[in-house]
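> Here is a sequence together with a model predicted from it:
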Amino acid sequence: MTLLTIQNLRRSFGQLVAVDGVSFAVEPGELVGLIGPNGAGKTTVFNCISGTIPPAGGSVTFDGDDVTGAAPPALARRGLVRTFQQTRELSTMTVEDNMLLPWRDHPGERAVNALTRSSGVAESERAARERAQTLLEVFDLEDMVDEYASSLSGGQRKLLELARALMLDPKLLLLDEPFAGVNPTLTQRIAAHIKEFNDEGLTLLIIEHELETLTELVDRLVVLANGAVLATGTPNEILNNDRVIDAYLGR
Amino acid sequence: MSAIDDLPFDAVQAGVVLVIVALVYLFSPFYVSPAGFTFIFLEVGVLFLLYALILIGLNLQFGHTGLVNFGPVAFFAVGGYTAAMLTAVDPFKAVGLALPWPVGLVAAVLVAVALGALLGFSTLRLRDDFLAIVTLAVAEIIHGLIITFRDVTGGSVGLGNVPRPIAAPVGGGGGAELFATVLVLGALCVLAYGVFHRLSTAPYGRVLRAIRADEQVAATLGKRVFRYKLVVFVYGAAIAGLAGALLVFYNGAASAGFFTIDVTVIVWVGMLIGGAGNDRGVLAGLAIIMGFQLTTRFLNDVLPFITQDQFASVRLMLVGLLLMLIIKYRPEGLWGNARELGVES
């Protein structure tokens, strides 16, 4: 069954039509890149899928259910999780608290259980800690556990945001320009992590406007231009597509 | 402050025991009758404990969740007048239904909760500063209503003949009543502190601090942000309403003078001095500011050439100056965590 289906998605801001009838699908286990020049509507599509803004028309189907216009918390609990283009670490919280926050269905997040200190709270907290520890080790952040997120370097913040999203154990992870403003070494590292999690079965949809990194990484590319899908295919097909080259180079 | 954390019991357990002890004391034939010179301290102590209840709620709202509630006095007043109007027996020119005091106490909390839910529903989805403006305005409106609706609230004269359930069972006159009131309110304060402290230290508190840091991220990570904000706002309203009821049951009367913007200012200044988000620190901050006011009152006695009115203005200016110094040189307050509050220089 298809994991994510976008059909005829539309959204405008005032007179500006940002997304004008976008349709594409993502299969389970796929690693798909969503590319296009600046202003093509990538982030708007992303925001509409992730519930950050409601679409004006069209539908989003995730894991068999219509989730068009669903709120971010509901989507996150269903397993559709996104990151932001600018890293949005919770800088006034420690790395550990950043990691523990997303843990699903934590009984300690209900006032009654927090008050009565019921046994499930400690158990969930322990399980969350274990998972957090594992992920932090994967991303080489385990020494930073007790640091405030504000003291991390830019690269570490990127990694933390990725690790934090994975705490939700998502079915589909939407990454908004994970390589933006990142040096080449770190780009390689992040790409390797993405590949690794994809190999373990995680489905990913990645926005990027630079083609280079993505073409080596993804299974398939969806190219947006002027708010519509221009082409879709394997990286090789896309690189040899004249219309894509025109759109990108503006000729 | 860590020694308190190492105790084998927490404030909820201590609070429950203290409340039981206080009640046993209240209905026992024994009483403590303190010396006359302590009355002023006990009176300020009662006020401190009532304000502490409001502050415990406000600290969860602002210190942990980042909700700017500039009108805690609104819920304090609504609770106070609800309790007074339901329980007063034949007040002079005001509503008095002469119901038993427990009815008034419960109703005070419920009406404050209703007001909190109403304000929360209408403003918590909007930008942060709207809540600040709306709560400030509502507090002023409620104060205005109390003054204007004289036939209902007693206006500026007040509403008397309210039962005094703490003083009533105690024999031995005013001093003994004061002592018993401090004991009961102190026990309730410890319990309330314990309840709210359990919330803020649990994973529940982590969600609140995530909302303070970045609502959108908290939502993206699966947290129902609006629901948390609404509930926290209502908790704060409830405890302020309770404090209002306790005030009128202590006074045996409700009067507009007890529910002015000064209450809001004192609890806010106390919270900022102590360090928003530090559950014990804010109470220490409140003690500092109220201690400051008490000392300056004594100072007034030794400076006879300054009138009381003039001195009150000078004191207000000094409070303002103190607040400015804190914001400028120690924005996290005395016991606040600069990194958690995001105010590092």
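Yep, that arrived. Numbers count the residues shown, from 1 in each chain, chains lettered A, B, ... in the order given.

> C-alpha only now, for contacts and for neighbours.
OK.

> Kindly check the end-to-end length of stretch B:211-223 for me.
9 Å (Cα to Cα, to the nearest Å).

> Off-centre distance for that stretch?
Using Cα atoms, centre = their mean, to the nearest Å, the mean C-alpha position of stretch B:211-223 is found 29 Å from that of the whole chain.

> So what touches it?
A:72-77, A:81-82, A:88, A:90-92, A:101-102, A:104, A:165, A:168, B:64-67, B:207, B:210, B:225 (Cα atoms under 8 Å, 6 or more residues apart in numbering or on different chains).

> Stretch B:179-188 too?
B:15-16, B:18-19, B:22-23, B:25-26, B:32-34, B:42, B:45-46, B:49-50, B:166-167, B:170, B:250.

> before we move on, what about stretch A:216-224?
So stretch A:216-224 is contacted by A:24, A:30-37, A:40-42, A:191, A:195, A:215, A:229-235, A:238, A:244 (Cα under 8 Å, 6+ apart).

> Just the residues you listed: which are in strands?
Here DSSP state E is the test, and the contacts of stretch A:216-224 give A:24, A:31-35, A:229-233 as lying in strands.

> ok, B:Gly154 - contacts?
B:92-95, B:146-147, B:255.

> please redo it, this time with the cut-off set to 10 Å
B:85, B:91-95, B:146-148, B:160, B:254-256 (Cα atoms under 10 Å, 6 or more residues apart in numbering or on different chains).

> domains of the chain?
Going with chain A. For chain A, automatic domain parsing gives the domain ranges A:4-89+A:155-249, A:90-151.

> try again with chain B
B:8-259, B:262-345.

> neighbouring contacts of stretch B:117-124?
B:67, B:111-116, B:126, B:129-135, B:138, B:225-227, B:229-235, B:237.

> tell me which residues of it are tucked away?
B:117, B:119-121, B:123-124 (16 or more other Cα atoms under 10 Å in any protein chain shown).

> Including secondary structure and pLDDT, could these go into a markdown table?
Below are those laid out as a markdown table (DSSP: H, G, I helix; E, B strand; the rest coil; pLDDT from 0 to 100):
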| residue | secondary structure | pLDDT |
| --- | --- | --- |
| B:Ala117 | helix | 97 |
| B:Leu119 | helix | 96 |
| B:Gly120 | helix | 95 |
| B:Phe121 | helix | 94 |
| B:Thr123 | helix | 93 |
| B:Leu124 | coil | 93 |
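
> so which of the residues you listed comes closest to A:Leu205?
B:Leu124 (32.9 Å; Cα to Cα).

> Next, give phi and psi for the closest one.
The phi/psi pair for B:Leu124 (degrees, to the nearest 10) reads phi -70, psi -10.

> swap in the one 3 residues further on?
The phi/psi pair for B:Arg127 (degrees, to the nearest 10) reads phi -60, psi 160.

> What about it, how many residues nearby?
9 (other Cα atoms under 10 Å in any protein chain shown).

> Distance check, it against B:Leu221.
From B:Arg127 to B:Leu221 the distance is 20 Å (Cα to Cα).

> And for A:Ile190?
Noted for A:Ile190: a distance of 21 Å to B:Leu221, by Cα to Cα.

> So those two - more neighbours on which side?
Remark: of A:Ile190 and B:Leu221, B:Leu221 carries more neighbours, 27 against 20, as counted by other Cα under 10 Å.

> Not counting its neighbours along the chain, what's nearest the spatially most central residue of chain B?
Geometric centre of chain B, nearest residue: B:Ile54, 2.0 Å, by Cα atoms, centre = their mean. Nearest non-adjacent residue to B:Ile54, counting by Cα to Cα, 6 or more residues apart in numbering or on different chains: B:Ala240, 4.7 Å away.

> Quick one: the strands in chain A, in order.
Using DSSP E, strands in chain A cover A:4-13, A:16-26, A:31-35, A:57-62, A:65-66, A:80-82, A:172-176, A:203-208, A:220-225, A:228-233.

> Now for B:Val95: which residues touch it?
B:81, B:84-89, B:150-154, B:159.

> List the buried residues for stretch B:213-230?
By neighbour count with 16+ other Cα under 10 Å, stretch B:213-230 contains the buried residues B:213, B:215-226, B:228-230.

> Stretch A:197-209 now?
So stretch A:197-209, judged by 16+ other Cα under 10 Å, has buried residues A:198, A:202-209.

> for stretch B:42-53, same thing?
B:42, B:44-53.

> That stretch near chain A anywhere?
No: Stretch B:42-53 does not reach chain A (Cα under 10 Å from any Cα of the partner chain); its nearest approach is 17.7 Å.

> per-residue confidence averaged over that stretch?
Stretch B:42-53 carries an average pLDDT of 97.

> Also stretch B:178-190?
96.

> Centre of the chain to it, how far?
14 Å.

> one step back: who wins for most neighbours among the contacts of B:Val95?
Going by other Cα under 10 Å, B:Ala84 tops those with 38 neighbours.

> tell me which element it is part of?
Assigning secondary structure by DSSP states H and E places B:Ala84 in helix B:72-87.

> Burial check on the residue lying closest to A:Lys171 once chain neighbours are set aside, number of neighbours?
Leaving aside its sequence neighbours, A:Lys171 sits nearest to A:Gly79 (Cα to Cα, 6+ apart; 4.9 Å). A:Gly79 has 19 neighbouring residues, counting by other Cα under 10 Å.

> ok, back up a step: and the helix holding B:Ala84, C-alpha only, in CSV?
Provided in CSV are the C-alpha atoms of helix B:72-87 (Å, rounded to 0.1, in the frame of the first residue of the first chain):
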residue,chain,number,x,y,z
PRO,B,72,-4.1,36.9,38.4
VAL,B,73,-6.0,39.3,40.7
ALA,B,74,-9.1,38.8,38.5
PHE,B,75,-9.4,35.2,39.5
PHE,B,76,-8.5,36.1,43.1
ALA,B,77,-11.4,38.7,43.1
VAL,B,78,-13.9,36.4,41.4
GLY,B,79,-13.2,33.7,43.9
GLY,B,80,-13.4,36.0,46.8
TYR,B,81,-16.7,37.7,45.8
THR,B,82,-18.3,34.4,44.8
ALA,B,83,-17.5,32.9,48.2
ALA,B,84,-18.6,36.1,50.0
MET,B,85,-21.9,36.5,48.2
LEU,B,86,-22.9,32.9,48.6
THR,B,87,-22.1,32.7,52.3
